[in-house]
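In: the sequence and its predicted three-dimensional model are supplied below.
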Amino acid sequence: MTEAVERVNKKVRGAKKRGTSMAVVATAWSLSKLLMTAPIIGPSKIERVDEANRAVNFELSKEEVDSIDRLYEPKNVIGFK
């Protein structure tokens with residue numbers, strides 16, 4: 001198993017421990033960022049809309065946010081001036 005897969009699996013286990021899905025955690029993390037005004041989601045099922053709604057009130061600890069931050073690698077925006 002690659003290191004990246006293991007890191008993602010660790011986050012999935014953390015989400016399960018909190019009794020929620022990785023989608024809720026990921027959206028809550030996005031919402032915790034000051035420069036992120038609206039995460040882009042593409043729900044194709046009503047369950048995904050419910051997850052997005054739960055993420056609005058789902059609070060991550062500072063340690064959880066920092067842990068996810070360490071996994072995130074920002075990419076350059078292409079075509080933006």
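Out: It's in. What you are looking at is a predicted structure, and each value in this text was computed from that prediction instead of being measured. Residues are numbered from 1 along each chain as shown.
In: what does stretch 5-22 contact?
Out: Counting by C-beta atoms under 8 Å, 6 or more residues apart in numbering, stretch 5-22 makes contact with 1, 24, 25, 51, 54, 58, 64, 67, 68, 71, all of which sit outside it. Any C-beta I mention is one placed from the backbone N, CA and C, and that applies to glycine too.
In: show me the strands in this structure, by range?
Out: Counting by DSSP state E, no segments of the chain form strands.
In: which residue ranges of it form helices?
Out: Listed from the start of the chain, the chain has helices (DSSP state H) covering 3-17, 22-32, 46-56, 62-71.
In: so for residue 38, which of the ones you listed sits nearest?
Out: Of all the helices of the chain, it is helix 22-32 that lies closest to residue 38, at 8.7 Å by C-beta to C-beta.
In: ok, back up a step: can you say which of the helices of the chain is nearest to residue 78?
Out: Of all those, helix 22-32 comes closest under C-beta to C-beta, at 20.0 Å.
In: quick one: that closest one to helix 62-71, angle?
Out: Relative orientation of helix 22-32 with respect to helix 62-71: 90 degrees, computed using axes from the mean of the first three to the mean of the last three C-alpha atoms, to 10 degrees.
In: and helix 22-32, how far out from the chain middle?
Out: On the basis of C-alpha atoms, centre = their mean, to the nearest Å, the separation between the geometric centre of helix 22-32 and that of its chain is 3 Å.
In: got the buried residues for that helix?
Out: By 16 or more other C-beta atoms under 10 Å, the buried positions in helix 22-32 come out as 23, 24, 25, 26, 27, 28, 29, 30, 31, 32.
In: quick one, that helix and helix 3-17 angle?
Out: Going by the same axes, to 10 degrees, helix 22-32 makes 100 degrees with helix 3-17.
In: thinking again about what came up before, hmm, which of the contacts of stretch 5-22 are the buried ones?
Out: In terms of neighbour count (16+ other C-beta under 10 Å), the buried residues within these are 24, 25, 51, 58, 64, 67, 68.
In: centre of the chain to the worst-scoring helix or strand of the chain on mean pLDDT, how far?
Out: Taking mean pLDDT, DSSP states H and E as the measure, the chain has helix 3-17 as its least confident helix or strand, at a mean of 78. The chain centre lies 12 Å from the centre of helix 3-17; the measure is C-alpha atoms, centre = their mean.
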